[in-house]
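Asker: Please find the sequence and the predicted model below.
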Amino acid sequence: MAKFPSDEWVKEYMDKLNSNADYQDAGSKWEGAITFVILKDDTFKDDAYIYLDLYHGKCREARFSNSLTDLPKSEFKYIGSYGNWRRLIDGEIDPIKGILTGKFKLEGAMMKIMRYTRAAKEMVNTASKVQSEF
Amino acid sequence: MWFFRSPEIIFGEDSLSFLKDLRINRCLVITDNFLLKSGLLDKLFRNLPESSKRMVIGDISPEPTFREMTGRIEEIRKFNPDYVIGFGGGSSMDTSKILFALNERPDLDVYDITPLVPLGLRKKSRLIAIPTTSGTGSECSWAAVLSEEGEKRKSELASPEILPDYAILDPDLVVSLPKEQTKNTAADALTHAIEGYVSSWNNPFSDAMSEKAIDLISSNIETVLKDPENIDARNSVHIGASMAGLSFSNSQIGLAHALGHSLGAYFKLAHGKTVALFLPNVIDFNYNVSAQKFEKLNSIVPERYRKKKFSDTLRGLFRSMGVEGSIEECGITRKEFEQNLDGLVSLASESTGCLTNPRESSTSDIRELFRNSYARLR
């Protein structure tokens, strides 16, 4: 079990992403980094950030921090409260529906990411495969 | 939490007269060259308030690019319409949605018309969609398709904020629709209803729209094709097409649309034709994950078309309508198909239809569906 979010969770997530053939297929043309922003809420006291450098279906680098300034800049940010991240990882929220219903926010070039919705879905599916402790 | 979004719908004979009740002062009409020259536009004008000032953009092509759509945007902004009317098929209505948004928000990047970005529209004007074909569902959807200049690509733009305020479904506007367009747009509507019904985002509201749409269209399309001026049958298909639009707009599309958009972009084929030719094979691909729903739909189609498998029912229905059942029948040679297959697969893989298709699909699944659809299943 890896606590979400943590260095340990991020490492396990990166390993699972890199061994997920479906993600590699769906993200085979994707180039760009994304930061998951986990906002504090009633059950989680500090904002947290997970930086992922994604390139042609592989995750080249993954880092966790409680400070955004410690991390490289990314082209996209996917932002939600800790509670909603937990529901996303548990498969209760669809990553795109999550944005449409205001539970998550996406920052970055929209048209680019809309072409990679299969990859986005596989990224969430992969997160669900990490044995996560909340 | 989810939503069911719909315009206010005015339907049935003489529904165009609803326009007289609106306080339209400055009206922008988006239409195509054919309608501009036909008597249909006069029908529209006769129903606009006499005092209203009008600006007409009448050169919308079947597959408009951003440059074509926005060539007169500065003139539109100066005209300052309080109503924007899309009058025609999908391209005119889709263009009206984009011009409506860009007139409201001159600073807007057209590619920010996605469901992920709040646009803040309706500060200046309202949007009315009046279809003159029965199939695209654009009048009831929050989607707009944009062809990319110099590229074999169509972009799927979508935002709840470009959903029309009013959709006017007047069957008088479709009685003279040519047979070719009648069958292709009806096939498109059936595809919307079926893909919306089994989409992973389906919901009770979209399901109800799909079921009734399939009932109305499959029960009346034969009559419409034999007797185009049968106003009751035309009205049923026209309403069914909009219900299908409401379904997929609120539940999204699937792989038949992903593959159809790609084929259409590469070979400049009519949208309805391309999505329908993939649909039976996509149903076979999805069957095990949505079997009960497909069986329910099979029970709705009139008995004379019904086969054991829903995909076979559709193959028969489409054949009776004269809709092409394979890529080959669309006039694409095996050589052209094979030369473009990698690009077709790549483009289809980028479609949001892959996201909401009931069964997840890999690139190789998509390639296989293309290959299986080249020649008609015997």
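Answerer: Here it is on my side, so go on.

Asker: Give me the mean pLDDT for stretch B:298-317.
Answerer: On average, the pLDDT along stretch B:298-317 is 97.

Asker: chain center to that stretch, what's the gap?
Answerer: Stretch B:298-317 sits 23 Å away from the centroid of its parent chain (CA atoms, centre = their mean, to the nearest Å).

Asker: And stretch B:179-193, by the same measure?
Answerer: 9 Å.

Asker: Convert that stretch to PDB, retaining C-alpha atoms only.
Answerer: Output of stretch B:179-193 as PDB, limited to C-alpha atoms (Å, rounded to 0.1, in the frame of the first residue of the first chain):
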ATOM      1  CA  LYS B 179     -33.500  11.400 -51.600                       C
ATOM      2  CA  GLU B 180     -29.700  11.100 -51.200                       C
ATOM      3  CA  GLN B 181     -29.600  13.600 -48.300                       C
ATOM      4  CA  THR B 182     -32.800  12.200 -46.800                       C
ATOM      5  CA  LYS B 183     -31.300   8.700 -46.500                       C
ATOM      6  CA  ASN B 184     -27.800   9.800 -45.400                       C
ATOM      7  CA  THR B 185     -29.100  12.200 -42.700                       C
ATOM      8  CA  ALA B 186     -31.600   9.600 -41.500                       C
ATOM      9  CA  ALA B 187     -28.700   7.100 -41.200                       C
ATOM     10  CA  ASP B 188     -26.800   9.700 -39.300                       C
ATOM     11  CA  ALA B 189     -29.700  10.200 -36.900                       C
ATOM     12  CA  LEU B 190     -30.000   6.500 -36.300                       C
ATOM     13  CA  THR B 191     -26.300   6.300 -35.600                       C
ATOM     14  CA  HIS B 192     -26.600   9.200 -33.100                       C
ATOM     15  CA  ALA B 193     -29.500   7.400 -31.300                       C
END
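
Asker: Name the residues that touch the lowest-mean-pLDDT helix or strand in chain A?
Answerer: Scoring the helices and strands of chain A by mean pLDDT, DSSP states H and E places helix A:110-114 at the bottom, with a mean of 80. Under the contact criterion CB atoms under 8 Å, 6 or more residues apart in numbering or on different chains, helix A:110-114 has outside partners A:32, A:76, A:106, A:120, B:111-112, B:114, B:116-117, B:155-156, B:352. From N, CA and C alone the C-beta is placed, and that goes for glycine too.

Asker: Could you point out which of those is nearest to residue A:90?
Answerer: Nearest to residue A:90 among the contacts of helix A:110-114: residue A:120, at 17.0 Å, using CB to CB.

Asker: And that closest one, how far from chain B?
Answerer: 8 Å (CB to the nearest CB, to the nearest Å).

Asker: Name the nearest residue to that residue, sequence neighbours excluded.
Answerer: residue A:95 (5.3 Å; CB to CB, 6 or more residues apart in numbering or on different chains).

Asker: State the pLDDT value of residue B:67.
Answerer: 86.

Asker: what sits against the closest residue to it other than its chain neighbours?
Answerer: In space, and not counting its chain neighbours, residue B:67 is closest to residue B:149: 5.9 Å by CB to CB, 6+ apart. Contacts for residue B:149 (CB under 8 Å, 6+ apart) come out as B:65-67.

Asker: and residue B:149, helix, strand or coil?
Answerer: Classification of residue B:149 using DSSP: H, G, I helix; E, B strand; the rest coil returns coil.

Asker: before we move on, what SS does residue 92 have?
Answerer: In the absence of a named chain, chain A is used. Per three-state DSSP, residue A:92 ends up coil.

Asker: Would you mind naming what in chain B lies close to chain A?
Answerer: B:1-3, B:111-112, B:114-117, B:155-156, B:200-201, B:346, B:349-350, B:352, B:354-355, B:360-364 (CB under 8 Å from any CB of the partner chain).

Asker: List only those of those flagged as buried.
Answerer: With burial judged by 16 or more other CB atoms under 10 Å in any protein chain shown, the buried subset of these is B:111-112, B:114-117, B:155-156, B:200-201, B:349-350, B:352, B:354-355, B:360-361, B:363.

Asker: Nearest residue to the middle of the chain?
Answerer: Using chain A. residue A:36 (4.7 Å; CA atoms, centre = their mean).

Asker: um, chain B though
Answerer: Nearest residue to the geometric centre of chain B (CA atoms, centre = their mean): residue B:136, 2.3 Å.

Asker: Surely that one touches residue B:185?
Answerer: Yes: taking contacts as CB atoms under 8 Å, residue B:136 lies within contact range of residue B:185: 6.5 Å.

Asker: and for those two, which residues touch both?
Answerer: Common contact partners of residue B:136 and residue B:185 (CB under 8 Å, 6+ apart): B:89, B:241.

Asker: What does the pLDDT read for residue 17?
Answerer: Reading this off chain A. 96.

Asker: Switch to chain B, please.
Answerer: 97.

Asker: pretty sure it contacts residue B:49?
Answerer: No: at 11.4 Å, residue B:17 does not count as touching residue B:49 under the criterion of CB under 8 Å.

Asker: Not counting sequence-adjacent ones, nearest residue to residue B:296?
Answerer: In space, and not counting its chain neighbours, residue B:296 is closest to residue B:211: 7.4 Å by CB to CB, 6+ apart.

Asker: Output the contacts of helix A:110-114 in CSV, with distance to residue B:375 and pLDDT appended to each entry.
Answerer: Shown next, in CSV, are the contacts of helix A:110-114 (distance: CB to CB, whole Å; pLDDT from 0 to 100):
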residue, distance to residue B:375, pLDDT
A:32, 39, 93
A:76, 42, 94
A:106, 42, 89
A:120, 34, 89
B:111, 37, 88
B:112, 41, 88
B:114, 37, 87
B:116, 39, 80
B:117, 42, 85
B:155, 30, 81
B:156, 28, 80
B:352, 28, 88
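
Asker: List of residues touching the lowest-mean-pLDDT helix or strand in chain B?
Answerer: The weakest-scoring helix or strand in chain B, judged by mean pLDDT, DSSP H and E, is strand B:154-158 (a mean of 84). Here strand B:154-158 makes contact (CB under 8 Å, 6+ apart) with A:111, A:114, B:63, B:98, B:110-111, B:113-115, B:142-148, B:261, B:264-265, B:351-352.

Asker: Narrow the residues you listed to just the buried residues.
Answerer: Those of those that meet the buried threshold are A:114, B:63, B:98, B:110-111, B:113-115, B:142-147, B:261, B:264-265, B:351-352, by 16+ other CB under 10 Å.
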